[in-house]
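**Q** Sequence first, predicted coordinates after that:
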Amino acid sequence: MKTFPRSWRGFTLSALAASLLSALPAWAVEPFTLRDIRVEGLQRVEAGTVFASLPFRVGDEYSDDRGAVAIRSLFGLGLFADVRLQVEGDVLVVIVQERPTVSGLSFTGLREFDSEVMVQVLRDIGLAEGRPFDRALADRAEQELKRQYINRSMYAAEITTTVTPTERNQVSLNFNVVEGGVAKIREIRIVGNQAFAESTLRGLFDLDTGGWLSWYTKSDRYSRAKLNADLETLRSYYLTRGFLEFNIDSTQVALSPDKSEMSVTINITEGQRYVVSSVRLEGEYLEREEEFRSLVAVKVGEAYNAEAVADTVKAFTDYFGAFGYAFARVDAVPEIDRDNSRVAFVIRAQPQRRVYVRRINIEGNNRTRDEVIRREFRQLESAWYDSDRIRLSRDRVDRLGFFTEVGIDTQPVPGTQDQVDLTVSVVERPTGNLSIGAGFSQAEKLSFIASIQQENFFGSGNYLGLDINTSKFNRNFVLRTTDPYFTKDGVSRTFDLYYETTKPLTEQGGDYRIVTKGIGIRFGVPFTERDTVFFGAGAERIRVDEGNQLPVAFRDQGGTYLPATIGWTRDDRDSALVPNQGTLQKFNAEFGLGSDKRYAKLSYQHQRYIPLNRQYTLAFNAQLGLGKGIGNDFPVLKNFFGGGLGSVRGFDQGTLGPLSDVVGSTTGEQVNIGGAKSVVFNAEFITPFPGAGNDRTLRMFGFVDVGNIYAEDQKIALDELRASVGVGLSWLSPIGPLRFAWANPIRKFDGDKIQRFQFQIGTSF
C-alpha cells in the first residue's frame, strides 16, 4: 500500500497522454525549416541533454513525424513526467516537466535488517538519492523489500510507502515496515516412499521442523534454495542405491492463513531397484581400450549407482583430455531390463579432434601481476591440451588464497580445427589484514593479539607479516616474509625474526622467564603437487631469568642455539576447520649445531578422518616425539609437553612427564619440565549436535585419549601411559573455532594433576 499526494497521483500514466494531446496542434503544421529551438521547464537537467536527444537541429526541416520521434526520445530518457512541443512561427519550443528526484530514503519499523543493507537493495534496482522517481519504481521497491523478508521466511511482512514532496521538485520516501513473525516449518512429508522409512529420508534434509537449537541453526526457516538442495540430496540418495528411474513428481509448499507456519509435501516415485548386469565399451579409444576400461567405476553385480556412472564419464573425458582431445564426447547409455530389474551400460566414446593451446589469457587480476598466476600453470602455451594439467593449474591458482573465484574457460579459435584458447578468470579478494583482538583459554588465560599481514605484497605474491601475541605463558613478536618463488622452480624462502618470552604451561605460580631472541631462514621445496619438504637454519639466544619455582633442570640451559630443521607435510583433508575425510601428515626434524648444544629432535603427526556417512565421522590422531642429546644431555628447554587439549585431555595442561626439583626448596617440591619423548594417541567419534540437524559448525564428539611424556633416559613403557575418555563440543564461532571438553581420566597415577573440564580457541584434537 502507498500514499501519494494528490499532485503526484497517476502522473506517470497521464503524462504521455497529456503530452500527445497537447502536441497535436504542433503536429498539424506543414514542414518548415527551423530557425531556433528553445527549451522551457528545466530545473536540474542540462539543456544539452535535451538538445542531444532531438533528431533535428537548427536549419533542419521540421515535420510532424520528426516531432513524434523527438517526444518518444525525450520520454525515453526517463527524466521527464511530461513533454510538449509548441510551434511559434519557425521556432520550436520544447516544454518539459521534470520528474521529481529522490531527496532522501528512510525506514520505520526495521529490525531484521540494517538500514544500510536496504538502501543498497534499493540502489540496485535504481532507487537512490538524487535519481528520478516514479510510481512504478516505488512499486518495484516494495516488491524487492518484501523479497528480502521472504528470503528469511518472514512472509507476513508488509511495506507501506509514503512519498512527501519537498522543495525544488524533490520527494522524500519513507518505507514503513511491519515485519511480522518468522514462518516456521510445521511439517515435512514425503509421499510415495516404500524402500526407505520417511524418518530416514527426512534425516537427509538440512530443513526440518525445528528443535531446541533452531534459534541457532535456523533449520526450521523455509528457503527455496535450501529445499532445492535437500531435493537434490534426496535424489542422489536414491540414484546411488539402485533406483535408476526415481523421480520427484511434485513439491507443494502450503502457508497457513496467518503466514506463521508452513508445510512441505514431496511426492516421489521410487521405481524399481536395478542391478548392473554388464558394462561394455563402444567407439574409438585411441588403441588404449584396456586403460580406459580400468577407469570404469561401475561395478557389475552391484546396485546401480549414478555417482559411479558420472565418475566413469568424467574419468573418460579427462583421460581423453590428457592426450589433447579437449572436445571428446562420452555417453553412458543404459539398456534397461525391467522384467529382471537389471541394467546394462554401453559407454560410447568419440574423441573428436586433438587440439593444442594457442594462448592463455588472464582476466580480473587488477592487483595481482600476471606472472604470479602464470607461474602456477602446468599447462603451457603451444603445448597439447592436457585436462589434468589444466585442472591442476586451476587448483594451484586457487590455493594461492588471493582470489575468491578461479575459473578456466576453453574457447575454440575461430577459423581453426586444432587450437583453443584458455581464459583464466579470477575475482580478487583483499589480501591485507590488520587485526587487533583478544583471546582466552583455560591454560593461556587472557591474551592480546595484534597482527599486520599482507599475503600478496604489492601484487607480487610475496607474504609480509608482523604478529604480536601476549598471554600469561607465551608472549612473542614475529616478523616474517616469504617469497613463494625464490627460484623459478617454485622453491620458497622464508625469513623469520622473533622475540619470545615463555613460561611452562603450569599453574604452580612460578614467575621465572625464558627469553628467546632468534633469526631464521627456511626453504620449501615442492617435490610433488601434494608434498613439500622444508629445510632451514637459524640462530637463537636463550636467557633464563631466575624466579620463584625455577626448576633445577633449567639452570645453565641458557646460551646460543644453532638449530637446523628439515620437515615434510602432506595435507589432503577436505577442510582445515571441519574436516570430514582425508589425511594430514607432518614430520619435522630439528638439529642443534651449537658446540655445547648439540641435539636431535624429531616429531611426527598423522591425522585421519573417515566419514561413516553424511553426519558421522571417525577421527584418529597420533603424535610421536623423540629428542636425543649428542655428546651431552638433550636440552631441557627443547622438551615436549603433554596433558590438556591437544594432548591427553582430563590432565592439567603440560603436567605429564618428568619432574624437577625447585631451586631453593627445602620441602622437596617438584615441578613439571616436560620430556624428550612424547607419545599421544587420540580417537574421536564426531556427531551432529542434538537439535542442530546437519549443521557442521556445531558438533559433538566422544573421545579416547592415551599418552605420556618420558625423559631421555626413560624407556617408553606402555604401563605408564595415561588415558581418559570424555565428550566435547566444537563450535565455529564468530571469534574462531572453540573446543570444549569434559574428560574422565580412566588411567592415572598418584601425583597426576586432574582437570576435567577444559576449553580453548584452537584446532582439532
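**A** Everything's here; your move.

**Q** could you give me the average pLDDT of stretch 466-484?
**A** Mean pLDDT, stretch 466-484: 77.

**Q** After the lowest-mean-pLDDT helix or strand in the chain, which helix or strand is next?
**A** The weakest-scoring helix or strand in the chain, judged by mean pLDDT, DSSP states H and E, is helix 11-27 (a mean of 42). Remark: after helix 11-27, the chain's next helix or strand is strand 32-33, criterion DSSP states H and E.

**Q** Against which helices or strands is that next one packed?
**A** Using 3 or more Cβ pairs under 8 Å, 6 or more residues apart in numbering; DSSP states H and E as the contact test, the elements touching strand 32-33 are strand 61-62. Backbone N, C-alpha and C define where each C-beta goes, glycine included.

**Q** Can I get the next helix or strand after the strand it packs on as CSV, trimmed to CA atoms?
**A** Later in the chain than strand 61-62, the nearest helix or strand by DSSP H and E is helix 64-76. This file holds the C-alpha atoms of helix 64-76, laid out as CSV (Å, rounded to 0.1, in the frame of the first residue of the first chain):
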residue,chain,number,x,y,z
ASP,A,64,5.0,16.0,-37.6
ASP,A,65,6.9,12.7,-37.9
ARG,A,66,10.1,14.1,-36.6
GLY,A,67,8.2,15.8,-33.7
ALA,A,68,6.7,12.4,-32.7
VAL,A,69,10.3,10.9,-32.7
ALA,A,70,11.5,13.8,-30.6
ILE,A,71,8.8,13.2,-27.9
ARG,A,72,9.5,9.5,-27.8
SER,A,73,13.2,10.1,-27.4
LEU,A,74,12.8,12.6,-24.6
PHE,A,75,10.4,10.3,-22.7
GLY,A,76,13.0,7.5,-23.2
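
**Q** Report all helices and strands that helix 64-76 contacts.
**A** Helix 64-76 sits against helix 11-27, helix 47-53, strand 80-88, strand 91-98, with contacts defined as 3+ Cβ pairs under 8 Å, 6+ apart.

**Q** C-alpha coordinates for stretch 398-417, CSV please?
**A** Provided in CSV are the C-alpha atoms of stretch 398-417 (Å, rounded to 0.1, in the frame of the first residue of the first chain):
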residue,chain,number,x,y,z
ASP,A,398,43.1,-21.2,-6.2
ARG,A,399,45.4,-22.4,-3.4
LEU,A,400,47.3,-19.1,-3.6
GLY,A,401,44.5,-17.7,-1.5
PHE,A,402,44.4,-14.4,-3.4
PHE,A,403,41.1,-15.0,-5.1
THR,A,404,37.5,-15.7,-4.2
GLU,A,405,36.8,-17.3,-7.5
VAL,A,406,39.0,-19.0,-10.1
GLY,A,407,37.6,-20.3,-13.4
ILE,A,408,39.1,-21.6,-16.7
ASP,A,409,37.1,-21.4,-19.9
THR,A,410,38.1,-23.3,-23.0
GLN,A,411,37.3,-21.5,-26.3
PRO,A,412,37.9,-22.8,-29.8
VAL,A,413,40.0,-20.5,-32.0
PRO,A,414,37.8,-19.2,-34.9
GLY,A,415,38.9,-20.5,-38.3
THR,A,416,40.9,-23.4,-36.9
GLN,A,417,40.2,-27.0,-36.1
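
**Q** Quick one: distance of it to the chain centre.
**A** Stretch 398-417 sits 20 Å away from the centroid of its parent chain (Cα atoms, centre = their mean, to the nearest Å).

**Q** Now do the buried residues in the helix or strand encompassing Arg570.
**A** Taking DSSP H and E as the criterion, Arg570 maps to strand 563-571. Neighbour-count burial for strand 563-571, with 16 or more other Cβ atoms under 10 Å as criterion, is recorded at 563, 565-569.

**Q** In contact with the residue of the chain most remote from its centre, which residues?
**A** When distances are taken from the C-alpha mean of the chain, Gly89 lies farthest, 69.7 Å away, according to Cα atoms, centre = their mean. Contact analysis of Gly89 by Cβ atoms under 8 Å, 6 or more residues apart in numbering lists Arg35.

**Q** Over to it: give its phi and psi.
**A** Gly89 adopts backbone torsions of phi 70, psi -120, taken as degrees, to the nearest 10.

**Q** Then Thr269?
**A** phi -120, psi 120.

**Q** Counting neighbours, what do you get for the residue nearest to it when sequence neighbours are not counted?
**A** Nearest residue to Thr269, sequence neighbours excluded (Cβ to Cβ, 6 or more residues apart in numbering): Asn247, at 4.8 Å. Counted by other Cβ atoms under 10 Å, the residues lying close to Asn247 total 14.

**Q** show me what contacts Asn247?
**A** By Cβ under 8 Å, 6+ apart, the contact list for Asn247 reads 268-269, 271.

**Q** switch the cut-off to 10 Å
**A** 192, 235, 238, 267-271 (Cβ atoms under 10 Å, 6 or more residues apart in numbering).

**Q** Could you report the distance from it to Arg273?
**A** 14 Å (Cβ to Cβ, to the nearest Å).

**Q** Over to Phe403?
**A** From Phe403 across to Arg273, the span is 44 Å (Cβ to Cβ).

**Q** more neighbours, the two?
**A** Neighbour totals were compared for Phe403 and Arg273, and Phe403 leads with 21 against 16 (other Cβ under 10 Å).

**Q** Quick check: beta-bridge partners of that one?
**A** Glu428 (DSSP bridges).

**Q** can I get the buried residues of strand 563-571 in JSON lines with distance to Asp467 and pLDDT?
**A** Converted to JSON lines, the buried residues of strand 563-571 look like this (distance: Cβ to Cβ, whole Å; pLDDT from 0 to 100):
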{"residue": "Pro563", "distance to Asp467": "20", "pLDDT": "92"}
{"residue": "Thr565", "distance to Asp467": "19", "pLDDT": "95"}
{"residue": "Ile566", "distance to Asp467": "24", "pLDDT": "95"}
{"residue": "Gly567", "distance to Asp467": "20", "pLDDT": "94"}
{"residue": "Trp568", "distance to Asp467": "25", "pLDDT": "94"}
{"residue": "Thr569", "distance to Asp467": "21", "pLDDT": "91"}
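
**Q** from the residues you listed, which is closest to Ala589?
**A** Lowest distance from Ala589 to these (Cβ to Cβ) belongs to Ile566, with 5.1 Å.

**Q** tell me the contacts of that closest one?
**A** 522-523, 533-537, 587-591.

**Q** do the same with Ser603
**A** With Cβ under 10 Å, 6+ apart, Ser603 has these contacts: 567, 586-590, 623-627, 640, 678.

**Q** For the residue nearest the centre of the chain, list the residues it contacts.
**A** Using Cα atoms, centre = their mean, the residue of the chain that lies closest to the mean C-alpha position is Thr404, 8.3 Å off. Contacts of Thr404 were listed using Cβ under 10 Å, 6+ apart, and they are 398, 426-430.

**Q** so which of those is the most crowded?
**A** In those, the most neighbours by other Cβ under 10 Å go to Val426, 22 neighbours.

**Q** and that one, that one's in a helix?
**A** No. Counting by DSSP: H, G, I helix; E, B strand; the rest coil, one finds Val426 to be strand, located in no helix.

**Q** distance of it from Asn462?
**A** 18 Å.

**Q** same check, this time on Asp418
**A** Distance from Asp418 to Asn462, counting by Cβ to Cβ: 39 Å.

**Q** So between these two, which is more surrounded?
**A** With neighbours defined as other Cβ under 10 Å, Asp418 and Asn462 compare such that Asn462 has more, 19 against 15.

**Q** quick one: contacts for the closest residue to the more buried one other than its chain neighbours?
**A** Spatially, and ignoring its direct neighbours in sequence, Asn462 is nearest to Asp483 (5.2 Å; Cβ to Cβ, 6+ apart). Listed by Cβ under 10 Å, 6+ apart, the contact set of Asp483 reads 457, 460-463, 491-495.

**Q** try 7 Å this time
**A** In this structure, Asp483 makes contact with 462, 492-493, judged by Cβ atoms under 7 Å, 6 or more residues apart in numbering.

**Q** what residue ranges in the stretch 601-750 of the chain score low on pLDDT?
**A** Residue ranges of the stretch 601-750 of the chain with pLDDT under 70: 666, 691-694, 734-736.
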